[in-house]
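Asker: Sequence and predicted structure below; questions after.
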Amino acid sequence: MGAPYVLESTSWTVSLGMGSSAGTAEKQSTAVFDFSLVAERPSGAVGSSVAKNFSVEFSRGELLTLFEKLDRVQQQIDALSS
């Protein structure tokens, strides 16, 4: 089994839709998170590390749901620390 992947870097962008030229009032907002992971190879292996990159896109509603769930996880961690 190989080495575990570790988060090396992350970045994000937000896209704010402002409607269309047809005059509709619909606004689409999205957030995109880019993640770079790296796994060190054992000594003696060819190359020093293995990298993987992936992106995740969220609508406004999905992002709010994610933050609510992360907040619940943090509350549970805080409760364990008390």
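Answerer: That came through fine. A quick note: this is a predicted structure, and the numbers were derived from the prediction, not measured. Numbering: from 1, shown residues only.
Asker: Now do F35: how many residues are near it, please.
Answerer: 16 (other C-beta atoms under 10 Å). (Glycine included, C-beta is placed from N, CA and C.)
Asker: Can you list the residue ranges for helices in this protein?
Answerer: Applying DSSP state H to the chain gives helices spanning 60-81.
Asker: Bridge partners for the residue most central in space within the chain, pull those for me.
Answerer: Residue closest to the mean C-alpha point of the chain, counted by C-alpha atoms, centre = their mean, is F33 at 4.3 Å. Beta-bridge partners recorded for F33 (DSSP bridges): W12, V56.
Asker: And it, how far from N53?
Answerer: As judged by C-beta to C-beta, to the nearest Å, F33 and N53 stand 11 Å apart.
Asker: List the contacts of S59.
Answerer: 28-30 (C-beta atoms under 8 Å, 6 or more residues apart in numbering).
Asker: try 10 Å
Answerer: Remark: with contacts taken as C-beta atoms under 10 Å, 6 or more residues apart in numbering, S59 is in contact with 28-31, 65.
Asker: any idea which of the residues you listed is closest to S15?
Answerer: T30 (4.9 Å; C-beta to C-beta).
Asker: Surely that closest one touches S55?
Answerer: No: the pair T30 / S55 is not scored as a contact, 11.2 Å apart, by C-beta atoms under 10 Å.
Asker: so what sits against both of the two?
Answerer: Contacts common to T30 and S55, judged by C-beta under 10 Å, 6+ apart, are T13.
Asker: what about those two, which has more around it?
Answerer: Remark: of T30 and S55, T30 carries more neighbours, 15 against 11, as counted by other C-beta under 10 Å.
Asker: Look up how far L63 lies from that one.
Answerer: With C-beta to C-beta as the criterion, T30 and L63 are 8 Å apart.
Asker: which neighbours do those two share?
Answerer: Shared contacts of T30 and L63, counting by C-beta under 10 Å, 6+ apart, come down to 14, 57.
Asker: Where does pLDDT dip in this structure?
Answerer: 1, 19-26, 42-47 (pLDDT under 70).
Asker: Endpoints of stretch 55-63, how far apart?
Answerer: One end of stretch 55-63 sits 14 Å from the other (C-alpha to C-alpha, to the nearest Å).
Asker: Thanks again, I'm all set now.
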